[in-house]
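Visitor: Make a model of this:
(chains A and B)
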There are 2 protein chains.
Amino acid sequence: MSTAPQAAAPALALPPRSHRAGSAKTSPVRDLLALTERPEIISFAGGLPAPELFDVEGIRTAFDAVLDSPGVLQYSTSEGDPRLREEVARRYVIDGLPTAASDLIITTGSQQGLGLISTTLLDPGDTILVEEPCYLAALQTFALAGARVVGVPYAGDDLDLEALERLAREHAPKFFYTVPTFQNPTGRTHGLDARREIAAIAQRQGFRIIEDEPYRQLRYSGDALPSLAEFAPDHVISLGSFSKVIAPGLRIGWIRTTADVRPSITIAKQAADLHTSTIDQAAAAHYLVSGRGEPALARIREAYAARRDAMLDALPSALPEGSSWNRPDGGMFVWARLPEGMDAASALATALTHDVAFVPGTSFFSGRPDARTLRLSFTTYAPDRIKEGLSRLGATWGAGR
Amino acid sequence: MSTAPQAAAPALALPPRSHRAGSAKTSPVRDLLALTERPEIISFAGGLPAPELFDVEGIRTAFDAVLDSPGVLQYSTSEGDPRLREEVARRYVIDGLPTAASDLIITTGSQQGLGLISTTLLDPGDTILVEEPCYLAALQTFALAGARVVGVPYAGDDLDLEALERLAREHAPKFFYTVPTFQNPTGRTHGLDARREIAAIAQRQGFRIIEDEPYRQLRYSGDALPSLAEFAPDHVISLGSFSKVIAPGLRIGWIRTTADVRPSITIAKQAADLHTSTIDQAAAAHYLVSGRGEPALARIREAYAARRDAMLDALPSALPEGSSWNRPDGGMFVWARLPEGMDAASALATALTHDVAFVPGTSFFSGRPDARTLRLSFTTYAPDRIKEGLSRLGATWGAGR
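Guide: Residues are numbered from 1 along each chain as shown, chains lettered A, B, ... in the order given. Below is the predicted model of the structure:
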């Protein structure tokens, strides 16, 4: 059946890529991760959950249990597995946020939720607000949607709420994207008063809030805080994910959507991939019902709390004098700032020669970056390895100068 | 932690949905499927593979085998599982099309491939060409990308190649989307000469071809035909899928991309969902390597061939005199046309009262629909049930008048 290609007629040039494809760059963090894959490197750069804490046996049991009939291999509904949606809704209700299974659309990771919301709400040229700095892969998705992205600055560790209201008034944004709890990259959390005020500003200025909550359940200290949706239920669309609490390889997240956009998001989901893996959804539902999820999450929290503490204990001797950093109550990241005149990207180049890595903060900024900032992940290694890595980092400052 | 909502300040209206969200309708086929879910109905409407032919035991074994270590639960690369890409590439090479694993990007079903290609190649307002009629969910995806869709007509069962060249010259399309083998909805296949000429037109007029091949391996008669990529390797991006040959619930497809757009498609994939389920990819690779795929596919082909024959045998007494239909060499669908003056949507209403269903063809047209057309799927039922369903259908024509 092989057929020789024809001699090509004089051909017109191929059409170019879309303008929006040109607007998104490959993730510099991913490019960097490639450089830090040498096994001798202790890398605080990645945002990977610790695989030794995955409940492999429980998840394997769940897959084995659901793979006993062909239904789990068939096409399914775009909204997602009904039993899985029930289980997720039940957890929102326990946390104090009234939620029905029908409010939820299962997504292929919460990353997909960002794309579906962009498709549903954004036309090219529309303006949105984001925290400055912001989760990198969200910036990519918004760029591919052709959005004009305006960063809302922080005042110290607190979002500048006056700036939020002023920028909303100036730009009439379609939405404000926030990771309110243990943000990536900063580990920052909006407090109770800030949440109330962010919601009130959204109501006053008439924009939606996209609340991305992958880290919410990774709290090691302090009190749980209400979802922004409690304060402005019509304005807030929430994203959730099992990536950090069960396992990322499952690629299961969800959108808790408001009634007005639910049909449009469902169509966007259908067009995006018809539905998320039937098998993975069924296995996740079975796993949640089995009751193995809570003790597994408790083990993850306990381990990560010890890792965070190890990092916070070692940072004073690991960063140069005059550096500052925060003390997050949960999540995966500490955000640090080098002293005046220093640059985190140059510092990384030196650190790599000492077999230790982190992510310079510049990639996370939608506007003018702060070149002194860096992100350190504390979830990947056990405390001793964290100490060793930070001791290597501490040794770079003298050497680099 | 529950906090009472604040009294809302006088609020501005919420921003509307995007224009593009308004341009895509929910799939009428899906809406119809909901109506045909009564168990007493014999439905030729759906496009579902037959679940009793899924190799549940083989797939379960594959999942069990890969779920023995935490790596399969971790984040992975956007391009996809290296072993899976090797296996897919190997199958292209066996079919005569030189392909490296690095040419392939694994997608969450081939439906996602359509979205990634749209993101990479289309800005709102760009024109594309499609076959008329066309796969419905592709039309949805192109609508959400804001594309102007122009249908290329058929002359009988053959694509009108002069019209293809004329429309390409008039509209300078970004690409021509085709399901060249056993198309959905028509079951039509572009012959060898047509493939050669479609490729030559693309080269002359400077547009890309998006070749969507979910049914390629479901051939029951006639000789295999070369991919369009053999004739115009720089112009053709191919999509493939395991949905019809292993199981759709896995949601695994792929893009065989050209070098010029590979980096952009990879970024689009990363932004879309980071990557496809690590577990499902590993299980699919394990399943392919196990050698169970070929005999399972042979069983599927044998069963579907008998079902197609049962449908073609019964159609003369099932459709009213003056109807016409085609005899596809593979795939899942027969395309039929009622006599002058009849309307398939009205016919469906009558058919439903006789507990039998099909899909009116109108939804599959991007331009002016042919209201006399209908799509019949032959894969869902065993031959006896197909005969019973078509006998019911035959009874409706007298009753309906």
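
Visitor: How is chain A divided into domains?
Guide: Using automatic domain parsing, the domain parsing of chain A gives A:20-54+A:295-400, A:57-291.

Visitor: which stretch among those comes nearest chain B?
Guide: With CB to the nearest CB as the measure, domain A:57-291 is the member of the domains of chain A nearest chain B (2.5 Å). No exception for glycine: its C-beta is placed from N, CA and C like everyone else's.

Visitor: my read: residue A:321 touches residue A:342, true?
Guide: No. Look at residue A:321 against residue A:342 with CB atoms under 8 Å: they stay out of range, at 10.9 Å.

Visitor: So for the two, which residue has more residues nearby?
Guide: residue A:342 (18 against 7; other CB atoms under 10 Å in any protein chain shown).

Visitor: If I look at that one, what pLDDT would I see?
Guide: Turning to residue A:342, the model gives it a pLDDT of 96.

Visitor: Check whether it really touches residue A:320, as I assumed.
Guide: Yes. With contact defined as CB under 8 Å, residue A:342 reaches residue A:320; the gap is 7.0 Å.

Visitor: Pick the most buried one from the domains of chain A.
Guide: Mean neighbour counts were taken over the domains of chain A using mean count of other CB atoms under 10 Å in any protein chain shown, and the top value, a mean of 22, falls to domain A:57-291.

Visitor: Quick check: which ranges of the stretch 1-150 of chain A have low pLDDT?
Guide: In the predicted model, the stretch 1-150 of chain A carries pLDDT under 70 at residues A:1-11, A:24-37.

Visitor: which residues of it fall in strands?
Guide: Along the stretch 1-150 of chain A, counting by DSSP state E, counting those that start in this stretch, strands occupy A:42-43, A:104-107, A:127-131, A:148-152.

Visitor: which strands and helices sit next to the second one?
Guide: On a contact count with 3 or more CB pairs under 8 Å, 6 or more residues apart in numbering or on different chains; DSSP states H and E, strand A:104-107 meets helix A:82-94, helix A:109-121, strand A:253-256, helix A:262-273.

Visitor: Who does the nearest residue to residue A:176 once chain neighbours are set aside form a beta bridge with?
Guide: Excluding its sequence neighbours, the residue lying closest to residue A:176 (CB to CB, 6 or more residues apart in numbering or on different chains) is residue A:129, at 4.3 Å. Using DSSP bridges, the beta-bridge partners of residue A:129 come out as residue A:150, residue A:176.

Visitor: I'd assumed residue A:152 was in contact with residue A:129.
Guide: Yes. In this structure, residue A:129 is within contact of residue A:152 by CB under 8 Å, at 5.3 Å.

Visitor: between the two, what contacts are shared?
Guide: A:164, A:167, A:176 (CB atoms under 8 Å, 6 or more residues apart in numbering or on different chains).

Visitor: Spell out which parts of the stretch 201-350 of chain A neighbour chain B.
Guide: A:203-208, A:223-226, A:230-235, A:243, A:247-251, A:260-261, A:263-264, A:266-268, A:270-280 (CB under 8 Å from any CB of the partner chain).

Visitor: which ones among those residues are found in strands?
Guide: Applying DSSP state E to these, the entries found in strands are residue A:208.

Visitor: what angle do the strand or helix carrying residue A:308 and helix A:82-94 make?
Guide: In the assignment (DSSP states H and E), residue A:308 maps to helix A:293-318. Orientation check (axes from the mean of the first three to the mean of the last three CA atoms, to 10 degrees): helix A:293-318 against helix A:82-94 gives 60 degrees.

Visitor: Now do helix A:293-318: distance to the chain's middle.
Guide: Mean-position distance between helix A:293-318 and its chain equals 19 Å (CA atoms, centre = their mean, to the nearest Å).

Visitor: now swap in stretch A:85-99 and tell me
Guide: Distance, stretch centre to chain centre, for stretch A:85-99: 21 Å (CA atoms, centre = their mean).

Visitor: what's the answer for stretch A:12-21, then?
Guide: Centre-to-centre, stretch A:12-21 and its host chain are 30 Å apart (CA atoms, centre = their mean).

Visitor: Now it: buried residues?
Guide: A:14, A:15, A:17, A:18, A:20, A:21 (16 or more other CB atoms under 10 Å in any protein chain shown).

Visitor: how about the nearest residue to the third one, chain neighbours excluded?
Guide: Spelled out, that is residue A:17. Closest to residue A:17 by CB to CB, 6+ apart is residue B:264, at 5.3 Å.

Visitor: what does the second one give?
Guide: Using CB to CB, 6+ apart and skipping residues adjacent in sequence, the residue nearest residue A:15 is residue B:174, 4.9 Å away.

Visitor: Tell me which helix or strand comes right after the helix holding residue A:308.
Guide: Reading on from helix A:293-318 to the C-terminus, the next helix or strand found by DSSP H and E is strand A:324-325.
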